[in-house]
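A.B. asks: no sequence on hand, only this structure:
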């Protein structure tokens, strides 16, 4: 079996969540003996589309007319587009049009969680929808994140601008209101003795006024170094006291899997996406507002985290890329068989 993994504007998507997911798909499939191509001009048995705008839609419709099986990956929902960047709410109608057009014409849909599956079903989508985690290449991730020199560690501290003995908590994501960066900054005010470091791209032209105001008024213990490469990222995950991710809406959140894989205490907002796979006080800490986040951080700093960390790691083991690839392979086989029956 040979599969085309298709992404519109692939180079621009590379540092996004979709770009990361595309890379994970490739690894997961290859671990299960499936040949992968990124070239639409190549020959392939099935296409797995990861983007939803017009070029992706036209490509999907062209393949459907040619009777080539197509999987549409639902990384995005109407809910996780709102409150993202400047003017996102104003153009939500245009985004929803693209999203619904893509999903309504899809023959098969894969989405990362049962939560996002329910959201898409509520749009009135008739196509079969499968919930399959984006997963994590655990072997590669651990290999990349468990080895660094004292010199590399010192370079990280110098880059961030903190001392080696400074305790710190990390967050990660675009500078979107939805990602919770404003709450991250506000919670940090309650812990002036702890550094709060948020990693991620900042595109000034589309950063909302609310986020810009929060950044201008941030306390001194909040550090915003921007996007970092894996060399620094692995040290951040190894040395941080916790990973604090107060996002308001996700379809999964790959960074949560990375935090669990790093055996780092995880604090997230208590939202629907984590239902069924992350439980409060079992796998991670959860809060519904800033007051609860402060209370949970105090628990992380003052209580034993061994049990939560080990339970969280078990969640990651179930989402290792080899297992995810096996799930994708089973869906591909089913779709190919259904297409064969239709054309015979």
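C.D. replies: That came in fine, so what should we check first? None of these values were measured; they are calculated from a predicted model. Numbering: from 1, shown residues only.

A.B. asks: doesn't residue 36 fall inside a helix?
C.D. replies: No. For residue 36, which was evaluated using DSSP: H, G, I helix; E, B strand; the rest coil, the result is strand, with no helix membership.

A.B. asks: can you classify residue 285 by secondary structure?
C.D. replies: The three-state label for residue 285, taken from three-state DSSP, comes out as strand.

A.B. asks: that one touches residue 296, doesn't it?
C.D. replies: Yes. With contact defined as Cβ atoms under 8 Å, residue 285 and residue 296 form a contacting pair (4.1 Å). Every residue, glycine included, has its C-beta placed from N, CA and C.

A.B. asks: common neighbours of these two, please.
C.D. replies: Shared between the contact lists of residue 285 and residue 296 (criterion: Cβ atoms under 8 Å, 6 or more residues apart in numbering) are residues residue 267.

A.B. asks: now the strands for this structure?
C.D. replies: For the chain, the strands identified by DSSP state E occupy 2-6, 35-37, 46-49, 70-73, 109-111, 129-131, 168-172, 195-199, 222-226, 243-245, 266-269, 285-287, in order along the chain.

A.B. asks: and those: which comes nearest residue 21?
C.D. replies: With Cβ to Cβ, the closest approach to residue 21 among these belongs to strand 70-73: 7.6 Å.

A.B. asks: run the chain-centre distance for the closest one.
C.D. replies: Centroid separation between strand 70-73 and its chain, computed with Cα atoms, centre = their mean, to the nearest Å, is 18 Å.

A.B. asks: need the contact list for residue 21.
C.D. replies: Contact analysis of residue 21 by Cβ under 8 Å, 6+ apart lists 50, 73, 75, 112, 134, 254.

A.B. asks: same deal with residue 89?
C.D. replies: 82, 83.

A.B. asks: residue 259 reaches residue 245, doesn't it?
C.D. replies: Yes. The pair residue 259 and residue 245 qualifies as a contact (Cβ under 8 Å) at a distance of 7.4 Å.

A.B. asks: mind putting the contacts of residue 21 into TSV with pLDDT?
C.D. replies: As requested, the contacts of residue 21 are arranged in TSV below (pLDDT from 0 to 100):
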residue	pLDDT
50	94
73	96
75	92
112	95
134	94
254	89
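
A.B. asks: with respect to residue 104, which of those residues is nearest?
C.D. replies: Sorting those by how near they are to residue 104, with Cβ to Cβ, puts residue 73 at the top with 15.3 Å.

A.B. asks: what is the neighbour count of the closest residue to the closest one other than its chain neighbours?
C.D. replies: In space, residue 73 comes closest to residue 50 once its chain neighbours are excluded; the distance is 4.7 Å by Cβ to Cβ, 6 or more residues apart in numbering. Residues near residue 50, counting by other Cβ atoms under 10 Å, number 22.

A.B. asks: and residue 77, what's its pLDDT?
C.D. replies: The predicted local distance difference test score for residue 77 is 91.

A.B. asks: report the contact partners of it.
C.D. replies: Applying Cβ under 8 Å, 6+ apart to residue 77 gives the contacts 99, 116, 119, 120, 249, 251.

A.B. asks: now it: how far from residue 119?
C.D. replies: As defined by Cβ to Cβ, to the nearest Å, residue 77 lies at a distance of 5 Å from residue 119.

A.B. asks: again, but for residue 151
C.D. replies: From residue 151 across to residue 119, the span is 47 Å (Cβ to Cβ).

A.B. asks: the two - which one has more neighbours?
C.D. replies: residue 119 (22 against 8).

A.B. asks: what's in contact with the top helix by length along the chain?
C.D. replies: Identified as the longest helix of the chain according to DSSP state H is helix 321-343. Residues from elsewhere that reach helix 321-343, judged by Cβ under 8 Å, 6+ apart: 1, 3, 24-25, 27-32, 34, 45-46, 48, 67, 69, 71, 107-108, 110, 130, 132-138.

A.B. asks: so among those residues, which ones count as buried?
C.D. replies: The neighbour-count criterion (16 or more other Cβ atoms under 10 Å) marks 3, 24-25, 27-29, 31-32, 34, 45-46, 48, 69, 71, 107-108, 110, 130, 132-138 among those as buried.

A.B. asks: before we move on, the earlier item: the residue nearest to residue 73 touches residue 74, doesn't it?
C.D. replies: No. Distance between residue 50 and residue 74: 9.6 Å, which falls outside the contact criterion (Cβ under 8 Å).

A.B. asks: flag the shaky bits of the stretch 201-344 of the chain, pLDDT-wise.
C.D. replies: Residues of the stretch 201-344 of the chain meeting the criterion pLDDT under 70: 344.

A.B. asks: do the stretch 51-200 of the chain as well
C.D. replies: Applying pLDDT under 70 to the stretch 51-200 of the chain picks out residues 87.
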